[in-house]
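In: The sequence and its predicted three-dimensional model are supplied below.
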Amino acid sequence: MPSEPPAARHVLEFPGGYTRTTGPVIGRFLSELRARRIVGVRTAGGRVLVPPLEYDPGTGDPVTGEYVEVGPAGTVTTCAWVDEPLEGHPLDRPFAWALIALDGADTTLLHAVDAGNPKAIATGTRVWPVWSERPTGNVTDLSHFVPEVTRIVAPVRTEYRLRAGGALGVFLAGVERGVLLGGRCPSCQKVYVPYRLSCPECGTAIGEPVELPGTGTVTTFAINNLPDPRAPQVPFVSAYILLDGADIPMIALVGDVPAHEVRHGMRVRAVWVPPEERTASMTNIRWFAPTGEPDVEL
Ligand SMILES: [Zn+2]
């Protein structure tokens, strides 16, 4: 048998468009759309059909001719995500086809929802219409829907000055002079740094501060791979350093050493910024750097 000839491609096109009448019901619907309203029509049984039809599809009876404004918002009852829009789709970026129950309607309307990503739309999502800029009485006057606004991004910036009170003020005044001040509990003899006014263990009041040397031992440390404004570069090491003569460690940066060479028991010394750059702030200590002394057993 001879094989069938290949099908030829035919195109039927009306340049300038094919003019047809809308009928009274669709005409009213499109006129309302042009005025940025969505209307349905009430059936004899009282239901509101959107888009409106000339006959009730349930009974075949003519509708009542009573138009009811619905929406403009609605609720998604079903949706399907379109990853790659085709020519002729209402949007040129990924979107969702959704059946939308407009507020006040008894039927659902199929339309596109510009949700941004498939996780932003589901059954129950509230959506609002986006109108075309210049409505012309075409079904495309209702361009598409977008999810309801549920959050906003508000710029936040807070600037404040901190006045260190009591004990912290004493400690920072020491830091401004290049000295680390601790407090010795007269009862249990423990030395705390930064200086504080009472012993956290026994509650005894702490008197005059004691000067601690700028040397100490790394007890624990962390290698950080996320940048921090205080750190010179990434990765940087933050560590708990037990100052010589203190009983609790303080947290500080460790520098002048590759991150992978920092270890428990490493001896370190505070590296201070030059005196003319000092303020009453912890930024006076650039970081702690290895002293080169043998490691200490902790
Ligand atoms: Zn104590």
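Out: Received it, and whenever you're ready, just let me know what you need.
In: so what's the most centrally placed residue in the chain up against?
Out: Central residue of the chain (C-alpha atoms, centre = their mean): Val153, 8.8 Å from the mean position. Residues in contact with Val153 (C-beta atoms under 8 Å, 6 or more residues apart in numbering): none are found. In this view, the C-beta of every residue, glycine as well, is placed from N, C-alpha and C.
In: That one and the ion, how far apart?
Out: 49 Å (C-beta to the ion, to the nearest Å).
In: Check what pLDDT that residue gets.
Out: Note for Val153: predicted pLDDT of 79.
In: Please apply the same query to Glu176.
Out: Per-residue confidence (pLDDT) for Glu176: 92.
In: helix, strand or coil for it?
Out: When classified by DSSP: H, G, I helix; E, B strand; the rest coil, Glu176 comes out as helix.
In: In this structure Ala80 contacts Pro94, no?
Out: No - counting by C-beta atoms under 8 Å, Ala80 stays clear of Pro94, with 11.7 Å between them.
In: In terms of neighbours, single out the busier of these two.
Out: Per other C-beta atoms under 10 Å, whichever of Ala80 and Pro94 has more neighbours is Pro94, with 15 against 10.
In: Now Arg36: closest residue in space, sequence neighbours ignored.
Out: Setting aside the residues directly before and after it, Arg36 is nearest to Trp131 in space (C-beta to C-beta, 6 or more residues apart in numbering), at 5.1 Å.
In: Same check on Asp247?
Out: With C-beta to C-beta, 6+ apart, the residue lying closest to Asp247 is Lys190, at 4.3 Å.
In: Give me the residues contacting stretch 109-126.
Out: The contact list for stretch 109-126, computed with C-beta under 8 Å, 6+ apart, reads 50-51, 73-79, 81, 89-91, 93-102, 127, 130, 142, 144-148.
In: And those residues, which of them are buried?
Out: Buried members of these, counted by 16 or more other C-beta atoms under 10 Å: 50-51, 74-76, 79, 90, 95-96, 98-102, 127, 142, 144-147.
In: Against Ala122, how distant is the nearest residue to Glu54 once chain neighbours are set aside?
Out: Distances taken as C-beta to C-beta, 6+ apart put Val25 closest to Glu54, at 4.9 Å, once the chain neighbours are dropped. Per C-beta to C-beta, to the nearest Å, Val25 is found 32 Å from Ala122.
In: go on, Leu242?
Out: In terms of C-beta to C-beta, Leu242 sits 54 Å off from Ala122.
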